[in-house]
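J.: Could you look at this predicted model? Sequence included:
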Amino acid sequence: VRRLMPALLLMVLAVAVAIRTWAPLSDWQQRRGDLLATIFYYANWHMISADESYFAQFASQSPLRHAWSLAIEEQFYLVWPLLVLALLRWRRRWMPIVFTLGAAASAITMVALYSPDSPTRAYAGTDARAQQLLIGALLALAVRRATAGGTDDTTRKPLSRYAYVFGPLAAVATGVLLIVTRDSGGFYYHGGATVIALVMAVLIGAVELAPASPLARLLSIPPLRWIGMISYGLYLWHWPVIMFAP
């Protein structure tokens, strides 16, 4: 709350003023619901229940449309620690199994929910998106176990060799996937989202395991680090600015 909420509230306040100033009166009630859903982090389900297509034409979009992903993240932050604590207390060894089964179930859910005429439910639903967060959790667990020996060379060197090879491959694959994959296309919902998350997990893992590699050094140049440090703010403001700018 201390880290994320103040910036969110500032953006919501600015959007509320912009709506009051420029939006037609007929939009106010709907946008009031958007504002509340954003503040209380259920914007993804609000968008789904309001039958507001994420892929609709630009002119009909809410200035808070982008809050759907923030909502999923906050739902994860609230629920996930409780599950992890339960597993640590009773079934610690089950953690990778639970993570994997959860990711697989979420991927299957995305396939089942996908409708070419209205993909918003599959795109913004927490149940369909959990796979990407769970793949991230698997990555965190894998890196932690791989580096449990600290800086021991017998642990680090073999992993670093793999990272030097697979890191650049994953970087190239990530770029290609981001260019050719459409989030409204069928491939994305029939395994594409899972593939993208797995490839990015390999990329992040390679950088973690080989921080001295050329790829890691490239991704650590000051401009990229600076963008990473302010990325939350950039995400908060990019869509309202696009919506209200001339």
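T.: Perfect, thanks for sending it.
J.: all contacts plus neighbour counts: C-alpha atoms, from now on.
T.: Fine.
J.: Can you list the buried residues in the helix or strand of the chain with the lowest mean pLDDT?
T.: Sorting the helices and strands of the chain by mean pLDDT, DSSP states H and E puts helix 153-180 at the bottom, at a mean of 85. Counting neighbours by 16 or more other Cα atoms under 10 Å, one finds that the buried residues in helix 153-180 are 156, 159-160, 163-164, 166-168, 170-171, 173-174, 177.
J.: and if you look at stretch 179-193?
T.: 184, 186, 188, 189, 190, 192, 193.
J.: Was I right to think the third one contacts residue 181?
T.: Okay, so that is residue 188. Yes - with contact defined as Cα atoms under 8 Å, residue 188 and residue 181 form a contacting pair (6.8 Å).
J.: shaky segments in this structure?
T.: 57-60, 149-157 (pLDDT under 70).
J.: Closest to the centroid, which residue in it?
T.: residue 69 (6.4 Å; Cα atoms, centre = their mean).
J.: any idea how far residue 232 is from that one?
T.: 12 Å (Cα to Cα, to the nearest Å).
J.: now residue 141
T.: Taken as Cα to Cα, the span from residue 141 to residue 232 is 24 Å.
J.: swap in residue 127?
T.: Noted for residue 127: a distance of 23 Å to residue 232, by Cα to Cα.
J.: higher neighbour count, these two?
T.: Taking other Cα atoms under 10 Å, residue 127 and residue 232 do not tie; residue 127 has more neighbours (20 against 14).
J.: Could you tell me which residues make contact with the more buried one?
T.: 106, 109, 110 (Cα atoms under 8 Å, 6 or more residues apart in numbering).
J.: Then residue 39?
T.: 8, 9, 12.
J.: same thing with residue 34?
T.: So residue 34 contacts 43, 46, 62, 64 (Cα under 8 Å, 6+ apart).
J.: cool, residue 43 as well?
T.: 34, 37, 67, 68, 71.
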